[in-house]
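**Student:** predicted structure and sequence below. I'll ask about it afterward.
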Amino acid sequence: MKKFLILFLISFHGLWAQVQFEAKVSKNTLGLNERLRIDFTMNADGDNFSPPSFEGFRIVAGPSQQVSQSWINGRSSFNKSYSYFLLPTQKGTLTIKQAAVEINGQIYKTNPIKINVTAAVPQPRDPNDEPQVSANDAIHLVAEISKGNPYVNEPITVVYKLYFSYNIGITNWRELNKPKYNDFWSQNIDIKQLVAEEGKYNGEKYRCVVLRKTVLYPQKSGKLEIEPLSLDIDVQVPTNRRDFFGRVQVVDDNKRVSAGSKTITVKPLPEAGKPIDFSGAVGKFNFSVTPSKTNLKNGESLDLKVVASGTGNLKLFTLPKPVVPNSLEMYDPVHSEQVQTPLSGMNGRISDSYTIIPQFKGKYPIKPMAFTYFDLSTGKYKTITSPEIMITVMDGPTAGNEAVAEHNSGASKMKVMAGEQFHYIKLKTNLEKMHHTDFLGSTLFYVLLFLPLGIIPIIVLLKKKKEAIDGDVVGNKIRLSNKLAKKYLSEAKNQINNKEPFYIALEKAMHNFLKAKLNIETSEMSKDKIREILLSRKAQPETVQSFIALTENCEFARYAPASSVAIQHDYDKAVTIISDLEKQIS
């Protein structure tokens, strides 16, 4: 019996030791433009497979699962694998971390694998698969700058345009590096919808899409650098192969482009003729100082509004502050901005509104105020001076002679002459009889008393009806799904065999879904606005990104070669995204 038990334990231990879980890669050294295959294999069936994060790589395909089992000479063999295809995103030595799986209640992990990524290498191709055009020559990212040598605080614009050949199609794009504007005040102009238009690059015709518009105001003189925008773009290019119907077949490719860094030479504002009180205003402005009234009774207040309007760096300078006599008490201003920032630069108005309260009877002047700006059209400084404002206080205590003559910002208080401190206060009071009706016993009293008793049966009936509707969870989900599919995607499904009408209908369906669920108009559907609203409504970030990527892809896909399989895939993807958003948003 003991021998049998020992033999059983040795056999069990041998079976336990035979469990294997390992990671295998197609190569350990590859170029930046090559793909890597990695297989996670196990010789026993496992659960809860957990892949690594693949830092430094982008998953282009997978996971795909394969299972095989065979019997040879009475012995069985089992093999299960998970496969991924990866594309490196950077050069250097990258590490694929451990994967984990649970087999027979025990956790097994693979060993980390180091991969050496070199610069891009030439890749041999089948002559029939050789693209008719090269992605390197068919895609160009350009940063167009309106002016290369502006003054400090003079607006310039940077427009990023993507030019691509008529022969290729763009399926997706991602930002690798966002542009940085050190030593600039910057304002991005929202692009609500990407539109492909005709354009020219180096004298040749291309299709062109404006990806980003930015207004910049340089904040110091000298050479300032604008760091580049870099993109990772997935494209489809035609080959020399044709399908059964004679249509050109396409292959997927990838291209990384950069707009390149730009250097701006910024000129300082001239020192000749610069006033001492110049606060940095650059552009073309109007200036005004307006009181709400000039004749006051004692105890009344007035609002003094200081306004600068026009075009220029309205958010980047301060307005002058008024100087008033001691007898006028002035409070801190309320600042207001009504400024728009189109591609031409800021325009609108800014204002400071001061509340002023007089303390004594008399006449008090508010000195003229001067506002200076640098006029870009003439290259000279210009000063606008407001007229003197006279404030008349018609009653109240009388101040001493010295109170009228002195001026400051309104922080000091003046002494009231003896016998005058209560002269303006009314000493007599007129009382009026109040007519009062008791609420207790009135008609409104009885209506409010018995109204809740009449509402209770209605509430009970409504509650029972709501519980019956809420209890039918499966029916509600089915009805909602059918309604959404018929409402939003019926037109796209009817056009599934016609590429361009299909993508027009698909994009319209996505927008109509947003209109119905979020109560926003098409004119408000910018990428950032959609992301902000959906995330605030508890939608998952992955679903939001898929929604935005699909709507952006509709414009490119209309002009790109696409197969019926790709169209069906986009249709199925739209159904999934709308269903997920319907469940997630609150």
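**Tutor:** Nice, thanks for sending it over. Residues are numbered from 1 along each chain as shown.

**Student:** residue 219 contacts residue 186, correct?
**Tutor:** No. With contact defined as C-beta atoms under 8 Å, residue 219 and residue 186 do not form a contacting pair (10.2 Å). To be clear about C-beta, it is placed using only N, CA and C from the backbone, and glycine gets the same treatment.

**Student:** quick one: contacts for residue 502?
**Tutor:** Taking C-beta atoms under 8 Å, 6 or more residues apart in numbering as the contact definition, residue 502 lies against 492, 495, 496, 567, 571.

**Student:** pLDDT wise, what is the nearest residue to residue 290 once chain neighbours are set aside at?
**Tutor:** Once flanking residues are discounted, residue 290 sits nearest to residue 305: 5.1 Å by C-beta to C-beta, 6 or more residues apart in numbering. Note on residue 305: pLDDT of 94.

**Student:** ok, the helix or strand containing residue 305: who's next to it in the sheet?
**Tutor:** Under the assignment given by DSSP states H and E, the secondary-structure element containing residue 305 is strand 302-312. According to DSSP bridges, the neighbouring strands of strand 302-312, each with its direction, are strand 282-291 (antiparallel), strand 347-358 (antiparallel).

**Student:** now do the helices in the stretch 1-150 of the chain.
**Tutor:** Along the stretch 1-150 of the chain, counting by DSSP state H, counting those that start in this stretch, helices occupy 2-17, 135-138.

**Student:** least reliable of the ones you listed going by mean pLDDT?
**Tutor:** Going by mean pLDDT, the lowest-scoring of those is helix 2-17, which has a mean of 46.

**Student:** in the stretch 51-200 of the chain, what residue spans correspond to strands?
**Tutor:** Per DSSP state E, counting those that start in this stretch, the stretch 51-200 of the chain has strands spanning 57-72, 75-88, 92-96, 100-103, 106-109, 113-118, 139-145, 156-164, 169-177, 184-189, 196-201. These are given in chain order.

**Student:** you'd agree residue 157 is up against residue 215?
**Tutor:** Yes. In this structure, residue 157 sits in contact with residue 215. The criterion is C-beta under 8 Å, and the distance is 5.6 Å.

**Student:** those two: which is more packed in?
**Tutor:** Neighbours per residue (other C-beta atoms under 10 Å) separate residue 157 from residue 215, with residue 215 holding more: 21 against 17.

**Student:** these two touch, right, that one and residue 154?
**Tutor:** No. Under the criterion of C-beta under 8 Å, residue 215 makes no contact with residue 154, lying 11.1 Å away.

**Student:** low pLDDT regions in the stretch 451-586 of the chain?
**Tutor:** Low-confidence regions of the stretch 451-586 of the chain, defined by pLDDT under 70, span residues 469-488, 521-525, 558-565, 586.

**Student:** mind checking the SS state of the residue most central in space within the chain?
**Tutor:** The residue lying closest to the centre of the chain (C-alpha atoms, centre = their mean) is residue 528, at 3.1 Å. Assigned by DSSP: H, G, I helix; E, B strand; the rest coil, the conformation of residue 528 is helix.

**Student:** and what of the one 10 residues further on?
**Tutor:** Secondary structure assignment for residue 538 (three-state DSSP): coil.

**Student:** hang on, isn't it packed against residue 581?
**Tutor:** No. Between residue 538 and residue 581 there is no contact under C-beta under 8 Å: 10.4 Å.

**Student:** which of those two has more neighbours?
**Tutor:** With neighbours defined as other C-beta under 10 Å, residue 538 and residue 581 compare such that residue 581 has more, 23 against 9.

**Student:** what separation is there between the more buried one and residue 153?
**Tutor:** In this structure, residue 581 and residue 153 are 44 Å apart, going by C-beta to C-beta, to the nearest Å.

**Student:** which among the strands paired with strand 302-312 is found nearest to residue 452?
**Tutor:** strand 347-358 (48.3 Å; C-beta to C-beta).

**Student:** determine the longest helix present in the chain.
**Tutor:** helix 443-471 (DSSP state H).

**Student:** can you show me the helices along the stretch 301-450 of the chain?
**Tutor:** If you assign secondary structure with DSSP H, counting those that start in this stretch, the helices in the stretch 301-450 of the chain sit at 401-405, 443-471.

**Student:** return the most buried member of those.
**Tutor:** A comparison of these by mean neighbour count, using mean count of other C-beta atoms under 10 Å, puts helix 401-405 on top with a mean of 13.

**Student:** just to revisit the earlier point, mind giving me JSON lines with the helices of the stretch 301-450 of the chain and columns for distance to residue 226?
**Tutor:** As requested, the helices of the stretch 301-450 of the chain are arranged in JSON lines below (distance: least, C-beta to C-beta, whole Å):
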{"stretch": "helix 401-405", "distance to residue 226": "56"}
{"stretch": "helix 443-471", "distance to residue 226": "57"}
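
**Student:** excluding chain neighbours, give the residue nearest to residue 25 in space.
**Tutor:** Beyond its immediate neighbours in the sequence, the residue positioned closest to residue 25 (C-beta to C-beta, 6+ apart) is residue 38, lying 4.9 Å away.

**Student:** any idea how many residues pack against residue 116?
**Tutor:** Once other C-beta under 10 Å is used to define contacts, residue 116 is seen to have 13 neighbours.

**Student:** that older thread, overlap in contacts, residue 157 and residue 215.
**Tutor:** In the contact map built from C-beta under 8 Å, 6+ apart, the residues linked to both residue 157 and residue 215 are residue 343.

**Student:** residue 37 contacts residue 57, doesn't it?
**Tutor:** No. Using C-beta under 8 Å, residue 37 is not in contact with residue 57; the gap is 11.6 Å.

**Student:** need the overlap of contacts for the two.
**Tutor:** For the pair residue 37 and residue 57, residues contacting each of them under the criterion C-beta under 8 Å, 6+ apart are residue 86.

**Student:** compare neighbour counts for these two and give me the winner.
**Tutor:** Here residue 37 and residue 57 are compared on neighbour count by other C-beta under 10 Å; more neighbours surround residue 57, at 22 against 14.

**Student:** residue 368 versus residue 324, what's the distance?
**Tutor:** Distance of residue 324 to residue 368, computed by C-beta to C-beta: 12 Å.

**Student:** which of the two has more residues huddled nearby?
**Tutor:** Looking at residue 324 and residue 368 with other C-beta under 10 Å, you find the greater number of neighbours at residue 324, namely 23 against 13.

**Student:** hmm, that one is touching residue 330, no?
**Tutor:** Yes. Applying C-beta under 8 Å, one finds residue 324 in contact with residue 330, separated by 5.3 Å.

**Student:** residue contacts, residue 212?
**Tutor:** By C-beta under 8 Å, 6+ apart, the contact list for residue 212 reads 158, 159, 160, 179, 188, 191, 229.

**Student:** the last one: neighbouring residues, count only.
**Tutor:** In other words, residue 229. By other C-beta under 10 Å, the residues close to residue 229 number 24.

**Student:** okay but it is in contact with residue 174, surely?
**Tutor:** No. Counting by C-beta under 8 Å, residue 229 sits too far from residue 174 to count as a contact (11.8 Å).

**Student:** export stretch 224-241 to PDB, keeping only CA atoms.
**Tutor:** Written as PDB, here are the backbone C-alpha positions of stretch 224-241 (Å, rounded to 0.1, in the frame of the first residue of the first chain):
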ATOM      1  CA  LEU A 224      11.500  81.800 -30.300                       C
ATOM      2  CA  GLU A 225      11.100  78.200 -31.300                       C
ATOM      3  CA  ILE A 226       7.700  76.400 -32.000                       C
ATOM      4  CA  GLU A 227       8.200  72.700 -31.300                       C
ATOM      5  CA  PRO A 228       6.700  70.400 -34.000                       C
ATOM      6  CA  LEU A 229       3.500  68.500 -34.300                       C
ATOM      7  CA  SER A 230       4.100  64.800 -35.100                       C
ATOM      8  CA  LEU A 231       1.500  62.300 -36.300                       C
ATOM      9  CA  ASP A 232       1.300  58.500 -36.700                       C
ATOM     10  CA  ILE A 233      -1.000  57.800 -39.700                       C
ATOM     11  CA  ASP A 234      -2.500  54.500 -41.000                       C
ATOM     12  CA  VAL A 235      -3.100  54.500 -44.700                       C
ATOM     13  CA  GLN A 236      -4.300  52.300 -47.500                       C
ATOM     14  CA  VAL A 237      -2.300  52.300 -50.800                       C
ATOM     15  CA  PRO A 238      -3.200  50.600 -54.100                       C
ATOM     16  CA  THR A 239      -1.100  47.700 -55.400                       C
ATOM     17  CA  ASN A 240      -0.700  46.000 -58.800                       C
ATOM     18  CA  ARG A 241      -3.100  43.200 -57.800                       C
END
